[in-house]
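Chemist: With the input below, show me the fold.
(chains A and B)
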Amino acid sequence: MKKSSFSVRAKKDFRRNRNLYLLVLPVLAFYIIFHYKPMYGAVIAFKDYSPGLGIGKSPWVGFDNFIRFFSGPYFGRLIRNTLLLSLYNLLFGFPAPIVLALLLNEVRNKKFKSLTQTITYLPHFISMIVVTGMITNFCMSNGLFNDIIVFFGGERSPLLQNPRLYRTIYVASSIWQEVGWGSIIYLSALSGVDAQLYEAASIDGAGKWKQLLHVTLPGISPTIITMLILKMGSLMSLGYEKTILLYNAATYETADIISSYIYRVGLVDQDWSYSTAIGLLNSVINCILLVLTNRLSKKISDTSLW
Amino acid sequence: MKIKRSRGERIFAVVNYVILTVIMLMCLYPVWYVVMASFSDSNLLMQHSGLLFRTAGFSTDAYVKVFKNPMLLRGYGNTLFILVVGVFLDIVMTSLGAYFLSRKNVMFQKPIMMLIMITMFFSGGMIPFYLTLKDLHLTKTLWGLIIPFMISTYNMIILRTSFSSLPESLIEAAQIDGASHFKILAKVVLPLSKAILAVMVLYYGVGIWNAWFWASAIIRDREQYPLQVILREILLQNDVGSMSTGVSVADQEAVGMTIKYATIVVATFPILCIYPFLQKYFTKGVMIGAVKE
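Modeler: Take a look at the predicted model:
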């Protein structure tokens, strides 16, 4: 009974919306070919893939590739580096755009405000290649940063060869590039805070600081929490692009993260099954993290992504 | 009526302006340094130490060398090809998807939406994606940098949000007139969405302009390298050799430095030039993207 009613409804729907489904067909094909086919391809994580045999005929090896990763020499280092870099990014990079937005929100001079916005958004549009190219040049022994270090009485050294400085360079340059762009979303949240609340607070004798604590921050807290969930959910999914442009063999011990390792064993060493296994593991962890942080924030604050 | 501000508020305002000015300078200075260094005399630049507020000497040698480099121009050409063809296809595909998702009373819309959303959270990973491109013979060709990247799900959701906010009556009226969905999309929806389409063009455009990873992974023929891959060779792999021929070995490092800075300027100039005029479109996309359903 139910099944026939479903097929009747489906038939009716197809008749009515046929053109609409035709319209979306290329989009569906795109997702199936470039997203779902690779998802199926990820089964090579459980195989010993060789291109000659193809995905189907390559022999199964169970969890061998995963075990190899867990017992390999780099497992601990990769997890530590990924988490630490993400945490530093979160600790310093997350509040920065909020603070910038709060400061910008207090500016009365419209021209000054828009000039500041234009200039702080600018680095976001500079390509990663150029940004890392600039960092590399500035960090060389005769580069700008060393000139400044010498000015303050330090000694010259190739900064990018120093594993202890790597995280600082990575995080600081990320803040430089994204602080302005990241503030946009908070600025729009700030403009949504009811002006009457400020008036009421100031009539009650609340100063700037009290207004910030009791009006502004509660007003934008849903935005802050949403952004925080997204960040927490992606703690383990730090991208490889910046890392593989900035790191070198001398800094692997602090710089090498899961995604850059996936790239190195996959595309450079062509150890395809092994690389896919690590990628799959990483992907699963990311999903779990996102679901957990989302559930947590639902409980704490009634804010969630879905 | 002018509201008199308290002493504390005035001090805060001044401090605020100072802090923001410092932030501005910090964002701008590296770019300023690069531009000044690129127009500097290479030997004077080498001798110079510390911050650079104006050019050290003046020379356009580096730019002459950069523009004589055939690879850089080649890269520019390849990137322009990917940009024009890519952005066009991206917009077409993204509009099709967004239009479908913005329609009401479509039975299989929800499952299709799910199918699409899942890909934002889960992917097959780098190698399976690479092997897919290989199977489809999309490696070793510029099409491999266009077709597999036609739709950004994030952009499509933004566009759908915008399409959904158009008055439903307009679309119904067109349907009553017997217009097909394709016609409604092309003649009603898209013309009414020019602002958001500008946002899409910019997002896809900047993305393509700055993309380098997959190009470096799948393109083998140097003649097909897009600009960013050429830049990577020059800036990060230190390949300035071909441009500093005829220079004594002692001067090579100095000349290489100005060449690098000039290259950065040449490659970034287009974006930095158009960006201030288009800023409002860029920020608009962020706001729409932030709207939850």
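Chemist: Show the contacting residues for the most centrally placed residue in chain B.
Modeler: Against the mean C-alpha coordinate of chain B, by Cα atoms, centre = their mean, the closest residue is B:V206 at 1.6 Å. Residues near B:V206 by Cβ atoms under 8 Å, 6 or more residues apart in numbering or on different chains: A:125, B:271. The C-beta positions use only the backbone N, C-alpha and C, and glycine is treated the same way.
Chemist: Just the buried residues of the helix or strand where it lies, please?
Modeler: Using DSSP states H and E, B:V206 maps to helix B:194-210. Of the residues in helix B:194-210, B:196-210 count as buried by neighbour count, 16 or more other Cβ atoms under 10 Å in any protein chain shown.
Chemist: and if you look at stretch B:68-83?
Modeler: B:69, B:71-72, B:74-76, B:78-79, B:82-83.
Chemist: quick one: pLDDT of the residue nearest to the centre of chain B?
Modeler: You'll see B:V206 listed with a pLDDT of 89.
Chemist: quick one: contacts of stretch B:114-125?
Modeler: For stretch B:114-125, the external contacting residues (Cβ under 8 Å, 6+ apart) are A:28, A:31, A:35-42, A:262, A:275-276, A:279-280, A:282-283, A:286-287, A:290, B:97, B:101, B:129, B:132, B:153-154, B:156.
Chemist: Need the buried ones from those selected in PyMOL.
Modeler: To isolate in PyMOL the members of those that are buried, counting by 16+ other Cβ under 10 Å, one can use:
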select buried, (chain A and resi 28+31+35+36+37+38+39+41+42+262+275+276+279+280+282+283+286+290) or (chain B and resi 97+101+129+132+153+156)
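Chemist: Which ones among the contacts of stretch B:114-125 lie within helices?
Modeler: A:28, A:31, A:37-41, A:262, A:275-276, A:279-280, A:282-283, A:286-287, A:290, B:97, B:101, B:129, B:132, B:153-154, B:156 (DSSP state H).
Chemist: Which helix or which strand is home to A:I224?
Modeler: helix A:217-233.
Chemist: That helix: what's the following helix or strand?
Modeler: Note on helix A:217-233: by DSSP H and E, the next helix or strand toward the C-terminus is helix A:241-246.
Chemist: The helix or strand following that following helix: how far from the chain's middle?
Modeler: Per DSSP H and E, the first helix or strand lying C-terminal to helix A:241-246 is helix A:252-255. Centre-to-centre, helix A:252-255 and its host chain are 19 Å apart (Cα atoms, centre = their mean, to the nearest Å).
Chemist: Flag every buried residue along helix A:252-255.
Modeler: A:252, A:254-255.
Chemist: Sort out which one of those residues lies nearest B:G8 for me.
Modeler: Proximity of the buried residues of helix A:252-255 to B:G8 (Cβ to Cβ) peaks at A:T254, which lies at 44.3 Å.
Chemist: thinking the closest one is in contact with A:N162, fair?
Modeler: No - with contact defined as Cβ atoms under 8 Å, A:T254 and A:N162 do not form a contacting pair (9.3 Å).
Chemist: Around residue 127, how many other residues sit close by?
Modeler: No chain in the question, so chain A it is. By the criterion of other Cβ atoms under 10 Å in any protein chain shown, A:S127 has 21 neighbours.
Chemist: hm, I was asking about chain B
Modeler: Using other Cβ under 10 Å, B:I127 has 30 other residues around it.
Chemist: quick one, what contacts it?
Modeler: The contact partners of B:I127, by Cβ under 8 Å, 6+ apart, come to A:41, A:44, A:262, A:266-267, A:272, A:275-276, A:279.
Chemist: What values do phi and psi take at it?
Modeler: phi -70, psi -50 (degrees, to the nearest 10).
Chemist: same deal with B:G125?
Modeler: Dihedral angles of B:G125 (phi, psi; degrees, to the nearest 10) stand at phi 100, psi 170.
Chemist: repeat for A:K47
Modeler: Per degrees, to the nearest 10, the backbone of A:K47 is at phi -130, psi 170.
Chemist: The nearest residue to it once chain neighbours are set aside: neighbour count?
Modeler: Nearest residue to A:K47 in three dimensions, chain neighbours excluded: A:S58, at 4.4 Å (Cβ to Cβ, 6 or more residues apart in numbering or on different chains). A count of nearby residues for A:S58, using other Cβ under 10 Å, gives 19.
Chemist: A:S275 versus A:S58, what's the distance?
Modeler: A:S58 sits 15 Å away from A:S275, going by Cβ to Cβ, to the nearest Å.
Chemist: for A:S50, same thing?
Modeler: 14 Å.
Chemist: Nearest residue to the residue of the stretch 151-293 of chain B found nearest chain A in space, please, no chain neighbours.
Modeler: Nearest residue of the stretch 151-293 of chain B to chain A: B:L235, at 3.1 Å (Cβ to the nearest Cβ). Nearest residue to B:L235 in three dimensions, chain neighbours excluded: A:G133, at 3.1 Å (Cβ to Cβ, 6+ apart).
Chemist: Alright, calling it a day.
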